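Peer 1: Got a predicted model here, sequence first, then my questions.
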Amino acid sequence: MLDSVDIQYVDLKLDGPIYTERFEIYEQGINNDIIFDNDTYSFTGNRILDGMEIVATGSGTTNLRDDGTCSVIGRDLFVSQNGSAHYSFKDISSIIDNTTQRLDVVFFDTNATGNLGFLKSTVGVYQSYVDEEDRKGIYAMWKLKGLLDN
């Protein structure tokens with residue numbers, strides 16, 4: 001029988017990020033100061049994941065919250081020259097001192113293939129920051145280790 005003592009001793013850790021990115025947001029015809037509830041956005045781009053070149057595509061839907069934060073729920077796809085991996089995500093963000101700060105959890109599906117197969121059933125976390133004036137940001141993802149590793 002599992003009890004609270006068992007839960008206290010689960011050793012979770014984050015090694016260095018498996019994915020980092022510096023980016024700039026280009027949105028034509030959109031007022032970046034206004035976020036609407038249930039807005040849908042999509043993205044695509046070339047990225048580096050654990051040393052591999054990949055193409056990342058995805059979309060998400062915003063949800064404004066009563067406490068002034070915003071959450072986004074969505075799906076992404078990583079494709080490399082020799083594999084692919086889908087994941088679902090949910091994040092929460094807020095703007096502090098003109099910087100959007102975002103914290104996210106990602107759940108990779110069981111169908112990761114090829115050289116992205118190491119992401120199969122992985123749980124990850126990511127953090128990103130975007131300067132609201134120059135629209136430049138940084139993003140990092142870590143693989144959560146310890147709970148589901150064999």
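Peer 2: That came in fine, so what should we check first?
Peer 1: where exactly do the strands run in the chain?
Peer 2: Shown for the chain, the strands assigned by DSSP state E span residues 13-14, 19-24, 40-49, 52-64, 70-80, 83-96, 99-108, 123-131, 136-145.
Peer 1: Indicate which one of the ones you listed is closest to residue 117.
Peer 2: strand 83-96 (6.3 Å; C-beta to C-beta). Every residue, glycine included, has its C-beta placed from N, CA and C.
Peer 1: same for the closest one, what does it pack against?
Peer 2: strand 70-80, strand 99-108 (3 or more C-beta pairs under 8 Å, 6 or more residues apart in numbering; DSSP states H and E).
Peer 1: could those strands be laid out in a markdown table, adding mean neighbour count and distance to residue 21?
Peer 2: Formatted as a markdown table, those follow (neighbours: other C-beta atoms under 10 Å; distance: least, C-beta to C-beta, whole Å):
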| stretch | mean neighbour count | distance to residue 21 |
| --- | --- | --- |
| strand 70-80 | 17 | 12 |
| strand 99-108 | 17 | 13 |
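Peer 1: want to throw the ones you listed into a markdown table with distance to residue 118 and mean pLDDT?
Peer 2: As requested, those are exported to a markdown table (distance: least, C-beta to C-beta, whole Å; pLDDT from 0 to 100):
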| stretch | distance to residue 118 | mean pLDDT |
| --- | --- | --- |
| strand 70-80 | 11 | 93 |
| strand 99-108 | 10 | 92 |
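Peer 1: So which of the ones you listed is nearest residue 120?
Peer 2: strand 99-108 (6.5 Å).
Peer 1: For the closest one, which helices and strands make contact with it?
Peer 2: Short answer (3+ C-beta pairs under 8 Å, 6+ apart): strand 99-108 packs on strand 83-96, strand 123-131.
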